[in-house]
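1. Pasted the sequence and its predicted model underneath.
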Amino acid sequence: MERNLKKDVRKTTRQGVRAIHDSLAETPRKADWYVQTISLLWNYAKNKRDWPLGENPASGIDLFGKQREFLPWPEWLVNKLDTALENVRADAELIRATGQRPNAAIRMWFDHFHCETMMVLDEKAGEMIEVFCPIELRQFIADRSRVGAHVLAKNLTEPLGYDAIEKAFRAWRKGLGEKAQQFTLHGLRKLAIVQLAEAGCTGAEIQAVTNQSAEMVAYYRSRANRVRLSKAAQEQRT
């Protein structure tokens, strides 16, 4: 109450609710509970207390559900990024290189990049942390035209919205056929873990890049290890 008492609930936006839901994607039950709570409170205030709130911003937002899993992208899908819209390609590049969630990648500033390091957002803790910036990403940032303060700029001072990128991504994915429909932008973050694991990185090293829980890193790292180890085993038979 002390933190939120003076805030105008009518300014709650659908885009804002969706962005926070996305930021909690690695804890899907918590993410869904967040949206459901907003929806219940909004409906109560509007229908039972007659508050002039307008449309419920949480209504109709797709929930993750209990069985939600973000699959790492296969190589063929990454190669198809050349056919996506430029902003989708740019967001994909940022997610895969930084290991951040899609919304955090969308909101990156050019000023977040400093020579060999970059500042990335830990959305759960709400803090910026400094990590090493890979050479490929440094080149990507250096080559990118600056139309605003953000790498994915809406105007001079604002980034593009998550909804705009997600809509463009879904349209592109739809054109790739049925086999592409199971993959999401979050899957690029999981791909970052897999690629780091296949490069021989330890769990602690991967956590230093993606800032994910040890359990999450271990889960996707085990998938990468199976691929790497099975490849080595099969090659010994030839």
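-> Noted; the coordinates are in hand.

2. Select the helix or strand of the protein having the lowest average pLDDT value.
-> None of the helices or strands of the chain scores lower by mean pLDDT, DSSP states H and E than helix 214-235, at a mean of 75.

3. So which residues make contact with it?
-> 26, 72, 190, 193-195, 197-198, 203, 206-207, 210 (CB atoms under 8 Å, 6 or more residues apart in numbering). Glycine gets a C-beta too; all of them are placed from N, C-alpha and C.

4. Only the buried residues of stretch 155-171, if you could.
-> Residues of stretch 155-171 classed as buried: 159-162, 164-166, 168-169 (neighbour count, 16 or more other CB atoms under 10 Å).

5. typo on my end, stretch 76-94
-> Neighbour-count burial for stretch 76-94, with 16+ other CB under 10 Å as criterion, is recorded at 77, 80-81, 84, 87-88, 90-94.

6. Next step: these restricted to helices.
-> Assigned to helices by DSSP state H, the following of the buried residues of stretch 76-94 qualify: 77, 87-88, 90-94.

7. check contacts around residue 56.
-> 39, 42-43, 46.

8. Need those in JSON lines (columns: distance to residue 4 and pLDDT).
-> Formatted as JSON lines, the contacts of residue 56 follow (distance: CB to CB, whole Å; pLDDT from 0 to 100):
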{"residue": "39", "distance to residue 4": "17", "pLDDT": "94"}
{"residue": "42", "distance to residue 4": "14", "pLDDT": "95"}
{"residue": "43", "distance to residue 4": "19", "pLDDT": "94"}
{"residue": "46", "distance to residue 4": "18", "pLDDT": "92"}
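
9. Would you mind pulling the contact partners of the helix or strand containing residue 139?
-> Following DSSP states H and E, one finds residue 139 within helix 135-143. Residues from elsewhere that reach helix 135-143 (CB under 8 Å, 6+ apart): 90, 93-94, 97-98, 110, 113, 116, 118, 151.

10. Residue ranges in this structure under the pLDDT threshold?
-> Low-confidence segments of the chain, defined by pLDDT under 70: 26, 66-69, 123-125, 225, 227, 229, 238.

11. hey, where'd the strands end up in it?
-> 113-114, 117-122, 127-132 (DSSP state E).

12. now, of those, which is deepest in the fold?
-> Of all the strands of the chain, strand 117-122 carries the top mean neighbour count, a mean of 18, counting by mean count of other CB atoms under 10 Å.

13. what's the angle from it to strand 127-132?
-> Between the axes of strand 117-122 and strand 127-132, defined by axes from the mean of the first three to the mean of the last three CA atoms, to 10 degrees, the angle is 140 degrees.

14. Who does strand 117-122 pair with, and is each partner parallel or antiparallel?
-> Here strand 117-122 has these sheet partners by DSSP bridges: strand 113-114 (antiparallel), strand 127-132 (antiparallel).

15. Format those strands as JSON lines; extra columns: distance to residue 214.
-> Below are these laid out as JSON lines (distance: least, CB to CB, whole Å):
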{"stretch": "strand 113-114", "distance to residue 214": "28"}
{"stretch": "strand 127-132", "distance to residue 214": "17"}
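
16. among the contacts of residue 56, who's most crowded?
-> residue 42 (21 neighbours; other CB atoms under 10 Å).
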